[in-house]
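In: when you get a sec, could you give me coordinates for this:
(one chain, ligands or ions: 2)
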Amino acid sequence: MFSKRIKIKDLLQSEAENQAVTVMGWVRSFRNNQFIALNDGSTNNNVQVVAELGKFDEQLLKRITPSASLKVTGLVIPSLGKGQKIEIKAEAIEVLGDSDPETYPLQLKNRPSLEYLREIAHLRFRTNTFGAVFRIRHTLAFAIHKFFNDKGFVYLHTPIITASDAEGAGEMFRVTTLPLENLPKNEDGSINFKEDFFGRSSNLTVSGQLEGELAATALGEIYTFGPTFRAENSNTPRHLAEFWMIEPEMAFYDLEDNMNLAEEFIKFLIRYTMEHNREDLLFLAQRLADEEKQLPQDKRSELGLMEKLDFVLNNAFERITYTEAIDILLQSPAYKKKKFQYPVEWGIDMQSEHERYLVEKHFKKPVIVTNYPAKIKAFYMRQNDDGKTVAAMDILAPGIGEIVGGSQREERLDRLEQRMKEMNVPSGELWWYLDTRRFGSVPHSGFGLGFERMVQFVTGMSNIRDAIPFPRTPKSVEF
Ligand code: ATP
Ligand code: MN
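Out: Ligands and ions are numbered 1, 2, ... in the order given. You can find the predicted model right below:
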């Protein structure tokens, strides 16, 4: 019986006039005891169901409340109302599930704030905003697989539980079955991990890169797309404790090949979403424009969401070296007027305010910064001939800051071992990683794109907590 339902998206696109149809969904609003706006999640657009006056029982009409679920059968007719071509003249209305208007926490009339919606994240799917965001998130995930599949990359599943913090990318979450109230100890008082599940200490992965390299140096081109975990205590609009990352890793790619792929990839994702989720994007663009009206003039973006995406598609990303970036910052009016909170000099790990200045004020487009000081980057990045910098590249995006971090990897065993020693990375534990450099080492490169930051960029949501269905952040793990 349920298979007979037509999705509202399909109905609104069809020419079903004068046909009998069955739709099911949740009530968004009920006006004049007559007009039901019904939504089933297939699109942001509701279908209008007309319950002719006098045709339905009063008791039934009382149960048509916000978010009640209905099954409606009726005739498709041309709509007299504005904003829709067709509507459904109801023949039968069945309430599948009641929704008590007294206790239902989502009153859509007075536009609930995004902060409030995070507290009821289990229900925020029922708003237009989050319907649009999560349909777009789906489209992006699909487009990621399409992009790499079309290029012949192999989708590789890297482990979620690992024993190495090879990268030192961030604080890690421990994985253990040891009893916390009674930990087995060694003679020196340290915890005896030999008794733990894996016989050694283990944690949730912060990145699949090192394992990705193992596969890339045999399969050629691979990508991962999975969850990563960082127990970093940074309460920012761009950090989550659990986030998804896409990490392509390619044999026979140098830094430039790497940058070209990353730029092509980001543009593909934007174009694909613009082609497949236009309505959702237009809705979010309007939402963002409304939100920005509340801001002081100088905090508003110059471009609307659609213009921003168009602009990114139609312009090459700026490519500069880290050294050039520092020079720009030192020459900037912001620096001269002491507007930066953090110091600027060669060797710093650029702060968000610096990245945003470069992207939003100076270049006004995405920027790829290359050749960072070796001291602030991970051990596996390829050393440049100047002895100071490595072949790293970060992509900085307007409104987001860093969206991609990548590099050409150090393929020379002696150089790699020397770097590991300098940075106190235990080479013994990484024997398997070093084997790729022992047996047929090749130049290779890769990068990591933070999935939620990409969702943020495309949807215009300013807080990363609104780009993932169930955000995990410090002190917050509800739902
Ligand atoms: P940041 O400086 O912003 O903390 P990072 O240098 O730690 O980033 P990488 O280790 O290079 O980032 O990770 C690759 C990508 O993963 C980043 O470019 C970003 O898009 C994303 N990312 C990193 N940390 C987080 C996080 N805590 N939450 C969401 N996305 C993240
Ligand atoms: Mn970080």
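In: for this structure, which residues are neighbours of ligand 1?
Out: 169, 230, 232, 238-240, 243, 245, 402-405, 448, 450, 452-453 (CB under 6 Å from any ligand atom). Using the backbone N, CA and C atoms, a C-beta is placed for each residue, glycine as well.
In: where is pLDDT lowest across the residues you listed?
Out: Across these, the smallest pLDDT goes to A169, namely 55.
In: surely W432 and L214 touch.
Out: Yes. If you go by CB atoms under 8 Å, W432 and L214 touch, sitting 7.1 Å apart.
In: one step back: just the residues of the chain next to ligand 1: which are in strands?
Out: The members of those that map onto strands under DSSP state E are F243, M245, E402, I403, V404, G405, G448, G450.
In: of all those, which comes closest to T103?
Out: Nearest to T103, judged by CB to CB, of those is F243 at 33.4 Å.
In: what sits against that closest one?
Out: Contacts for F243 (CB atoms under 8 Å, 6 or more residues apart in numbering) come out as P227, T228, R230, G450, F451, E452, I464, I468.
In: any idea of the mean pLDDT for the host helix or strand of I144?
Out: Assignment of secondary structure by DSSP states H and E places I144 within helix 128-150. For helix 128-150, mean pLDDT rounds to 98.
In: quick revisit: nearest to ligand 1, of the contacts of F243?
Out: G450 (2.3 Å; CB to the nearest ligand atom).
In: my guess is the closest one contacts M245, does it?
Out: Yes. If you go by CB under 8 Å, G450 and M245 touch, sitting 5.9 Å apart.
In: pretty sure A20 sits against I77.
Out: No. In this structure A20 lies outside contact range of I77 using CB under 8 Å: 11.0 Å.
In: got phi/psi on P333?
Out: When quoted as degrees, to the nearest 10, the phi and psi of P333 stand at phi -60, psi -40.
In: could you measure from the closest residue to it other than its chain neighbours over to L330?
Out: Nearest non-adjacent residue to P333, counting by CB to CB, 6 or more residues apart in numbering: K339, 7.9 Å away. Computed as CB to CB, to the nearest Å, the K339 to L330 distance reads 13 Å.
In: for E181, give me its contacts.
Out: Neighbouring residues of E181 by CB under 8 Å, 6+ apart: there are none.
In: swap in M393?
Out: Going by CB under 8 Å, 6+ apart, M393 touches L255, N258, M259, A262, I368, V369, T370, V404, G405, G406, S407, F447.
In: just send the residues you listed back as JSON lines, with distance to F311 and neighbour count too.
Out: JSON lines is the format used below for these (distance: CB to CB, whole Å; neighbours: other CB atoms under 10 Å):
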{"residue": "L255", "distance to F311": "25", "neighbour count": "22"}
{"residue": "N258", "distance to F311": "23", "neighbour count": "27"}
{"residue": "M259", "distance to F311": "19", "neighbour count": "22"}
{"residue": "A262", "distance to F311": "18", "neighbour count": "23"}
{"residue": "I368", "distance to F311": "16", "neighbour count": "21"}
{"residue": "V369", "distance to F311": "20", "neighbour count": "24"}
{"residue": "T370", "distance to F311": "22", "neighbour count": "25"}
{"residue": "V404", "distance to F311": "18", "neighbour count": "24"}
{"residue": "G405", "distance to F311": "23", "neighbour count": "21"}
{"residue": "G406", "distance to F311": "23", "neighbour count": "27"}
{"residue": "S407", "distance to F311": "27", "neighbour count": "25"}
{"residue": "F447", "distance to F311": "22", "neighbour count": "24"}
